[in-house]
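K.L.:
Just need the structure, nothing else, for what follows:
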Amino acid sequence: MKNIIKIMLIILLSIMFIANLVKLNLYLALGSILLFLITYGIFYLLYKKKLITIKFIKIFSIILIIIGIVIRIYLLFNLKYTLKSDFLLYFNTALEIFKKVDISEANYLAYNGYVCVYASILALLFKIFGASVQVVIIFHLICELLTMFIIYKIIKLINNTYLKYLLPSIWFIMPTVIEANFLVSTETLFILLFSLCIYVYFKLNAKNKINITNIILFILYGMLLSFTNYIRPLMLIFIIAIIITYLFNFEKKKLLFLVVLIGSFLLTNLGFKSYCENLIKVPSQSGALEWGLYYGSNYDTSGYWNVEDSLKIDNILLKENPSNILLKETIKRYKDLGIWKTSILFAKKYYCLWTDVNGNYIFLLDVTNNDILVKTQKYLEISSYFIFINLLCYTIYCKIKEIKLKDYKLLIVDIFIIIYVISNILMVVNGRYNYPIYILLLILICNTRKTYLKSECKKV
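P.N.:
Predicted structure coming up:
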């Protein structure tokens with residue numbers, strides 16, 4: 001069964017790979033594959049010639065990090081844009097919390113409590129450093145540096161080789177990651193907390209002894225998962241992945257830890273819910289899930305957010321039991337579509353999700369036509385595709401190798417990706433929702449027992 005999960009993931013990753021090749025023209029697609037083969041070949045030859053050392057990898061990684069920081073600082077002072085859509089909502093809500101005035105979008109936030117927590121953090125920063133977009137950007141830069149360090153710690157746990165230096169720096173230099181730094185949005189902070197959740201999971205997973213210390217650690221971990229969930233509501237998927245992984249590796253003595261973890265998660269969620277209600281002075285409402293499902297069932301828009309559905313939802317929210325109405329409307333849409341059109345819709349959403357590397361950011365940022373980001377947009381897209389396609393190539397190779405080695409220590413990552421992909425096929429689709437997957441691909445890539453410099457790394 002564990003191998004079936006890995007095979008499912010390989011199929012999903014392969015479809016992502018093919019979709020990105022289809023998105024590019026023939027020359028760029030062939031160039032991406034050629035780049036993968038060339039980089040792999042050069043690295044192997046340099047290894048054979050003993051020209052690559054740990055010192056070389058460290059220096060190369062530091063250079064990438066410096067380049068990433070310089071690019072961010074340059075854009076901080078030269079990038080001109082106007083916030084709009086969700087990004088404007090987050091910023092304005094943070095301003096209102098900072099100024100201690102009534103929340104203008106309280107009714108919307110009643111359905112999306114996670115916005116309150118993120119905006120509250122920004123409001124605290126505004127109180128200390130002043131209210132500006134630049135403060136948010138610098139905060140995100142710090143988050144990304146911390147994320148890079150946590151990726152380093154995760155890879156060190158899994159495979160203490162040169163990859164712990166190389167992969168975090170590659171993530172930091174990715175154009176998609178750099179662009180996300182300038183969004184007043186939850187993604188950057190969420191990725192920091194999400195990577196921390198993964199690291200703590202691997203550390204706690206080794207705990208077998210039932211004692212007060214370990215129970216307290218699992219309580220704190222449940223609180224961390226809840227906090228992360230209230231930055232971006234995705235951690236229920238991670239909880240499900242933990243439960244499934246536990247069932248595959250059933251140990252009666254770990255059942256208590258699982259119960260404590262889930263209990264802590266749910267209780268902390270109630271605490272955050274109460275905080276949000278006090279902040280916006282409106283009771284929390286269920287229905288955000290049904291919103292996403294309703295948007296995602298629109299065949300004509302390929303599951304993207306659209307004005308027509310938004311107006312319909314606004315009207316439905318005025319009625320009694322809006323969640324039930326939205327769910328019934330969603331089911332009716334799928335019945336009207338039939339099996340064939342529903343399958344096409346899911347395929348279109350899957351294609352949109354995994355091939356929209358960063359164009360969506362430009363639209364939402366509303367940058368001016370003469371801005372540097374617009375001028376370099378094509379180069380950013382091409383480089384993002386190159387990196388993503390290469391990540392997929394290496395990940396697929398490593399997953400095939402894992403099956404041969406019967407290596408299941410990263411099963412939770414496999415399960416999370418599969419559930420995450422399925423949930424995104426059902427929900428409203430957006431290009432930036434693929435952002436969490438990049439870190440997971442890096443984690444999967446590092447899981448190989450035989451690496452070029454393993455013998456040298458043991459000396460470090």
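
K.L.:
Got the phi and psi for Leu79?
P.N.:
phi -80, psi 120 (degrees, to the nearest 10).

K.L.:
show me where the stretch 351-460 of the chain has helices.
P.N.:
359-365, 372-375, 377-405, 411-426, 437-445, 454-457 (DSSP state H, counting those that start in this stretch).

K.L.:
What of the stretch 51-200 of the chain?
P.N.:
Under DSSP H, counting those that start in this stretch, the stretch 51-200 of the chain gives helices at 54-78, 85-99, 106-109, 114-129, 133-158, 163-173, 175-180, 187-204.

K.L.:
Out of the ones you listed, the one nearest Tyr385 is which?
P.N.:
With C-beta to C-beta as the criterion, Tyr385 lies closest to helix 175-180 of the helices of the stretch 51-200 of the chain, at 9.7 Å. In this view, the C-beta of every residue, glycine as well, is placed from N, C-alpha and C.

K.L.:
and the nearest residue to Ile415 once chain neighbours are set aside, what element?
P.N.:
In space, Ile415 comes closest to Ala241 once its chain neighbours are excluded; the distance is 4.3 Å by C-beta to C-beta, 6 or more residues apart in numbering. When elements are assigned from DSSP states H and E, Ala241 belongs to helix 235-248.

K.L.:
what about Arg232, which SS state?
P.N.:
Classification of Arg232 by DSSP: H, G, I helix; E, B strand; the rest coil places it in coil.

K.L.:
Now do the phi/psi pair for it.
P.N.:
Here Arg232 shows phi and psi, under degrees, to the nearest 10, equal to phi -150, psi 120.

K.L.:
Quick one: mean pLDDT over stretch 18-30.
P.N.:
Averaging pLDDT along stretch 18-30 gives 67.

K.L.:
same question, stretch 218-232
P.N.:
For stretch 218-232, mean pLDDT is 92.

K.L.:
And for that stretch, what's in contact with it?
P.N.:
113-114, 117-118, 186-187, 189-190, 193-194, 196-197, 200-201, 204, 207, 235-236, 238-239, 257, 260-269, 271-272 (C-beta atoms under 8 Å, 6 or more residues apart in numbering).

K.L.:
give me that answer again for 6 Å
P.N.:
Stretch 218-232 is contacted by residues 114, 117-118, 186, 189-190, 193, 197, 200, 204, 235, 257, 260-261, 264-265, 268-269, 272 when judged by C-beta atoms under 6 Å, 6 or more residues apart in numbering.

K.L.:
That one: how far from the chain's middle?
P.N.:
16 Å (C-alpha atoms, centre = their mean, to the nearest Å).

K.L.:
Buried ones in it, by neighbour count?
P.N.:
218-219, 221-232 (16 or more other C-beta atoms under 10 Å).

K.L.:
next one: stretch 4-22
P.N.:
Of all the residues in stretch 4-22, those buried under the rule 16+ other C-beta under 10 Å are Ile5, Lys6, Leu9, Ile10, Leu12, Leu13, Ile15, Met16, Phe17, Ala19, Asn20, Leu21.

K.L.:
Pick the one among these closest to Ile325.
P.N.:
Each of the buried residues of stretch 4-22 was checked against Ile325 using C-beta to C-beta; the closest is Leu12, at 32.9 Å.

K.L.:
Identify the residue spatially nearest to the closest one, adjacent ones excluded.
P.N.:
Using C-beta to C-beta, 6+ apart and skipping the chain neighbours, the partner closest in space to Leu12 is Val421 (5.5 Å).

K.L.:
and if you look at Thr93?
P.N.:
Thr93 sits nearest to Ala119 (C-beta to C-beta, 6+ apart), 4.0 Å away.

K.L.:
Tell me, how many residues neighbour the one you found?
P.N.:
Ala119 has 26 neighbouring residues, counting by other C-beta atoms under 10 Å.

K.L.:
quick one: it and Thr186, what's the gap?
P.N.:
As defined by C-beta to C-beta, to the nearest Å, Ala119 lies at a distance of 9 Å from Thr186.

K.L.:
Now distance to Trp291 too, for the helices of the stretch 51-200 of the chain, in CSV please.
P.N.:
Below are the helices of the stretch 51-200 of the chain laid out as CSV (distance: least, C-beta to C-beta, whole Å):
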stretch, distance to Trp291
helix 54-78, 33
helix 85-99, 13
helix 106-109, 10
helix 114-129, 13
helix 133-158, 26
helix 163-173, 31
helix 175-180, 23
helix 187-204, 19
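
K.L.:
Of all those helices, which one is nearest Gly303?
P.N.:
Nearest of the helices of the stretch 51-200 of the chain to Gly303, taken as C-beta to C-beta: helix 85-99 at 16.9 Å.

K.L.:
In that closest one, which residues are buried?
P.N.:
Result for helix 85-99 [16+ other C-beta under 10 Å]: buried residues Asp86, Phe87, Leu89, Tyr90, Phe91, Asn92, Thr93, Ala94, Glu96, Ile97, Phe98.

K.L.:
hang on, the second one packs against Thr186?
P.N.:
No: shown here, Phe87 and Thr186 do not form a contact pair, counting by C-beta atoms under 6 Å, at 10.2 Å.

K.L.:
Which of the helices of the stretch 51-200 of the chain sits closest to Leu279?
P.N.:
Nearest of the helices of the stretch 51-200 of the chain (C-beta to C-beta): helix 114-129, 5.3 Å.

K.L.:
buried stuff in that closest one?
P.N.:
Using 16+ other C-beta under 10 Å as the test for burial, helix 114-129 gives Tyr114, Val115, Cys116, Val117, Tyr118, Ala119, Ser120, Ile121, Leu122, Ala123, Leu125, Phe126.

K.L.:
Just give the number of residues close to the residue nearest to Leu12.
P.N.:
A count of nearby residues for Val421, using other C-beta under 10 Å, gives 20.

K.L.:
gap between it and Glu320?
P.N.:
Distance, Val421 to Glu320, by C-beta to C-beta: 35 Å.

K.L.:
ok, back up a step: where among the helices of the stretch 351-460 of the chain is average confidence lowest?
P.N.:
Mean pLDDT per stretch puts helix 454-457 lowest among the helices of the stretch 351-460 of the chain, at a mean of 37.

K.L.:
Ile412 against Ile243, yeah?
P.N.:
No: using C-beta under 6 Å, Ile412 is not in contact with Ile243, being 10.1 Å away.

K.L.:
Would you agree Ala206 falls within a strand?
P.N.:
No: going by three-state DSSP, the assignment for Ala206 is coil, not a strand.

K.L.:
From Phe129, how far off is the residue lying closest to Ser104 once chain neighbours are set aside?
P.N.:
When the adjacent residues along the chain are set aside, Ser104 lies closest to Glu96, with 6.5 Å between them (C-beta to C-beta, 6+ apart). To Phe129, Glu96 is 18 Å away according to C-beta to C-beta.

K.L.:
number of nearby residues for Thr176?
P.N.:
Counted with other C-beta under 10 Å, Thr176 comes out at 22.

K.L.:
Kindly confirm whether my reading is correct that it touches Ser384.
P.N.:
Yes: the pair Thr176 and Ser384 passes the contact test of C-beta under 6 Å, sitting 5.2 Å apart.

K.L.:
For Leu293, grab phi and psi.
P.N.:
When read as degrees, to the nearest 10, the backbone of Leu293 gives phi -70, psi -40.
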